[in-house]
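1. Test case, fold it:
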Amino acid sequence: MQLNYLVCIALLTASGVRAQQPQPVPVPADLRALLQQANTNYPVLRQQQELIRAGELRVDIARTALRPTVNLNGSYTYLTPVPQVTFPVNGQDATLKLAPNNNLNGNVSIGQTIYDFGRTDASVRQAADNVQVLRRGLEITQQNLAFQVAAAYYGVGFLQRSLVVQDSVIRTAGANVRLLATRLQNGDALQYDVLTQTVRVKAAQNRRIEIQNLLERQLAALTFLTGNPSPDVSQAITQFDLTDAASSATQPYNLDGDLAPVLATNKDVQLAQDRLRAAETEILVNSRAGKPSIGFSGNAGFKNGYPLNVEQPRANLAAGVAVVVPLYAGKRYQLQNQAAQLNLNASRYAVETANAQLRQNLAQLNADIRSNQTRLANLETQVQQARQALTIANARLRNGVITNVELQSAETGVEEAELGRLNFKYQLLLNQLELKRLLGEGL
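-> Numbers count the residues shown, from 1 in each chain. I've put the predicted structure just below:
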């Protein structure tokens with residue numbers, strides 16, 4: 001396995017690794033500061049917070065359906081001709097208008113829904129359910145953001161420690177080049193040996209450049225997530241101590257036990273349940289859409305047009321109660337109910353899918369945990385053996401009893417073993433983080 005392959009595998013699996021029982025995951029001070037910066041600066045969080053505020057306003061808007069409405073109304077209309085009658089008065093014709101040419105009407109009107117058979121209550125509940133879905137989405141975004149920051153942070157530490165390993169490889173290979181060059185001058189080595197070892201040094205330097213590039217990409221990801229152009233990752237490398245040979249305490253999750261607590265705290269399952277409640281409320285809203293409504297209306301103001309002096313504005317007052325009973329709406333309510341029922345069925349299946357997906361993720365994480373722990377244990381032994389083999393190879397090189405191919409094989413063995421051990425330590429750390437995410441916990 002080549003070094004660049006190991007590095008790429010470690011980074012590509014950072015978001016898909018499944019973990020186990022929650023173990024205490026140390027949160028260094030610089031990582032905690034990065035998490036706070038991400039919660040403050042990440043634009044998606046602020047976008048969702050604004051959407052929640054808008055949703056809360058929609059709840060208030062729905063409540064206003066049962067509140068009175070007051071309007072100031074005014075109108076002017078010019079009419080001609082207008083109905084009039086002519087009759088003699090004292091020997092002269094007198095004209096009496098039955099309507100004014102200049103029609104004036106000004107009043108203050110009030111309207112109030114008295115009872116709407118639960119339609120407003122259902123609308124308020126629906127708006128509140130939508131807000132809860134938005135809040136749950138915000139929680140999921142915050143949780144995912146925290147674990148993305150943590151994964152990137154520990155990825156930086158992994159790559160920084162990989163650079164340390166690679167620098168050691170370069171130093172060893174460079175020393176062997178100098179040794180072979182001296183032996184070439186003494187006639188104890190071939191030019192081929194020097195050239196092949198020089199090629200190995202260049203290849204190791206190119207791999208170091210590749211690791212450095214991946215490190216810079218991880219730092220760029222941290223900058224994007226936290227909004228900090230120079231994120232502090234000074235303690236990241238300390239999470240990958242090469243001298244620490246202890247295996248992770250992470251154990252596979254027990255799928256034979258009661259998963260109800262896990263299903264109750266997993267954010268994705270909670271979101272599916274929130275959407276199910278919203279779908280049930282939609283059924284309620286549609287079932288009450290065709291209900292009658294009883295309302296009060298009234299107005300007070302001035303208008304003209306009253307006989308016998310139709311031009312004179314007079315005070316007027318009107319009040320009444322109206323009942324509206326929907327009789328036929330082209331099957332609109334029936335079709336809306338059918339669509340809402342289908343949406344409810346889909347939401348129920350979504351909850352089942354979320355539950356099954358959580359079980360699948362836990363099962364997959366068990367396989368990853370067992371595999372990573374087994375391979376890490378094997379690599380602990382392999383690292384010790386590879387180091388011992390390289391020490392023997394260097395001693396034989398100084399004594400001139402080893403070929404260049406054998407030396408390269410020993411160096412490659414140490415490199416792959418060290419980087420492989422780092423990789424699986426990184427995977428097990430991500431396993432712990434992923435389990436906390438599956439259980440709905442924070443860092």
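
2. Below-threshold pLDDT in the stretch 51-200 of the chain: ranges please.
-> 189 (pLDDT under 70).

3. For it, which segments count as strands?
-> Ranges of strands in the stretch 51-200 of the chain, per DSSP state E, counting those that start in this stretch, are 69-78, 84-89, 92-97, 102-115.

4. Which of the ones you listed has the highest mean neighbour count?
-> Highest mean neighbour count among the strands of the stretch 51-200 of the chain (mean count of other CB atoms under 10 Å): strand 102-115, with a mean of 15. Every C-beta, even on glycine, is put in place using the N, C-alpha and C of the backbone.

5. and the angle from that strand to strand 69-78?
-> On the basis of axes from the mean of the first three to the mean of the last three CA atoms, to 10 degrees, strand 102-115 is oriented at 160 degrees to strand 69-78.

6. what about the strands in the stretch 251-400 of the chain?
-> Using DSSP E, counting those that start in this stretch, strands in the stretch 251-400 of the chain cover 293-303, 314-324.

7. Using a markdown table, please lay out these together with mean neighbour count and distance to Ala236.
-> Formatted as a markdown table, those follow (neighbours: other CB atoms under 10 Å; distance: least, CB to CB, whole Å):
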| stretch | mean neighbour count | distance to Ala236 |
| --- | --- | --- |
| strand 293-303 | 15 | 63 |
| strand 314-324 | 11 | 67 |
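
8. Would you tell me which of those gets closest to Thr113?
-> Of all the strands of the stretch 251-400 of the chain, it is strand 293-303 that lies closest to Thr113, at 4.9 Å by CB to CB.

9. follow-up on the earlier one: mind giving me TSV with the strands of the stretch 51-200 of the chain and columns for distance to Thr353?
-> TSV is the format used below for the strands of the stretch 51-200 of the chain (distance: least, CB to CB, whole Å):
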stretch	distance to Thr353
strand 69-78	45
strand 84-89	78
strand 92-97	76
strand 102-115	41
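
10. For Leu219, find the nearest of the ones you listed.
-> Ranking those by proximity to Leu219 (CB to CB) places strand 69-78 first, at 57.6 Å.

11. which residues touch the closest residue to Gln191 other than its chain neighbours?
-> What sits nearest to Gln191 in space, not counting adjacent residues and going by CB to CB, 6 or more residues apart in numbering, is Leu184, at 6.4 Å. By CB atoms under 8 Å, 6 or more residues apart in numbering, the contact set of Leu184 is Leu190, Gln191, Asp193, Val194.

12. Quick check: the gap between the first one and Thr196.
-> When CB to CB, to the nearest Å is applied, the distance between Leu190 and Thr196 equals 9 Å.

13. rewinding a little: tell me which of the strands of the stretch 251-400 of the chain approaches Val89 most closely.
-> Using CB to CB, the nearest of the strands of the stretch 251-400 of the chain to Val89 is strand 314-324, at 24.1 Å.

14. partner strands of that closest one, parallel or antiparallel?
-> strand 293-303 (antiparallel) (DSSP bridges).

15. can you give me how far the partner strand is from the chain middle?
-> 50 Å (CA atoms, centre = their mean, to the nearest Å).

16. before we move on, what about stretch 202-218?
-> Mean-position distance between stretch 202-218 and its chain equals 31 Å (CA atoms, centre = their mean).

17. so what's Leu145 up against?
-> By CB under 8 Å, 6+ apart, the contact list for Leu145 reads Ala38, Asn39, Tyr42, Val44, Leu45, Leu225.

18. Select from these every entry located in helices.
-> Counting by DSSP state H, these place Ala38, Asn39, Val44, Leu45, Leu225 in helices.

19. hang on, the first one packs against Thr226?
-> Yes: counting by CB atoms under 8 Å, Ala38 touches Thr226, with 4.6 Å between them.

20. Now do the shared contacts for these two.
-> With CB under 8 Å, 6+ apart as the test, Ala38 and Thr226 both reach Val149.

21. which non-adjacent residue is nearest Leu358?
-> Distance criterion CB to CB, 6+ apart; nearest residue to Leu358, sequence neighbours excluded, is Asn266 at 5.4 Å.

22. Just the pLDDT for that neighbour.
-> pLDDT, Asn266: 93.

23. which ones are touching it?
-> Counting by CB under 8 Å, 6+ apart, Asn266 has contacts Ala354, Leu358, Leu438, Leu439, Gly440.

24. can you list those residues in a markdown table and add neighbour count and distance to Asp368?
-> Putting those into a markdown table (neighbours: other CB atoms under 10 Å; distance: CB to CB, whole Å) gives the following:
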| residue | neighbour count | distance to Asp368 |
| --- | --- | --- |
| Ala354 | 21 | 21 |
| Leu358 | 18 | 15 |
| Leu438 | 22 | 13 |
| Leu439 | 19 | 16 |
| Gly440 | 19 | 20 |
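
25. check contacts around the most centrally placed residue in the chain.
-> Closest residue to the average C-alpha location of the chain: Thr141 at 2.8 Å, with CA atoms, centre = their mean. The contact partners of Thr141, by CB under 8 Å, 6+ apart, come to Val44, Leu45, Gln48.

26. Buried members of those into PyMOL, please.
-> The PyMOL selection below is limited to those of those classed as buried (16 or more other CB atoms under 10 Å):
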select buried, resi 45+48
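
27. Return the member of the contacts of Thr141 nearest to Arg32.
-> The closest of those, once distances to Arg32 are taken by CB to CB, is Leu45, at 17.2 Å.

28. Could you report the pLDDT at that closest one?
-> 94.

29. Is it correct that it is in contact with Gln143?
-> No: applying CB under 8 Å, one finds Leu45 not in contact with Gln143, separated by 11.2 Å.

30. how close does the nearest residue to Leu179 once chain neighbours are set aside sit to Thr182?
-> Distances taken as CB to CB, 6+ apart place Leu397 nearest to Leu179, at 6.5 Å, with adjacent residues excluded. Distance, Leu397 to Thr182, using CB to CB: 11 Å.

31. Neighbour count: the two, which is higher?
-> Applying other CB atoms under 10 Å to Leu397 and Thr182 shows that Leu397 carries more neighbours, namely 22 against 12.

32. who's in contact with the more buried one?
-> Asn176, Leu179, Leu407.

33. where does it land on pLDDT?
-> Value for Leu397, per-residue pLDDT: 72.

34. quick one: it from Ala203, how far?
-> Leu397 is 19 Å from Ala203, by CB to CB.

35. Let me see the ranges of the helices in the stretch 251-400 of the chain.
-> If DSSP state H, counting those that start in this stretch is used as the criterion, the helices of the stretch 251-400 of the chain fall at 260-265, 267-287, 332-398.

36. Let me have the ones you listed in TSV, extended by distance to Glu56.
-> Below are the helices of the stretch 251-400 of the chain laid out as TSV (distance: least, CB to CB, whole Å):
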stretch	distance to Glu56
helix 260-265	25
helix 267-287	15
helix 332-398	23
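
37. So which of those helices is the most surrounded?
-> Across those, averaging neighbours per residue (mean count of other CB under 10 Å) puts helix 267-287 on top, at a mean of 20.
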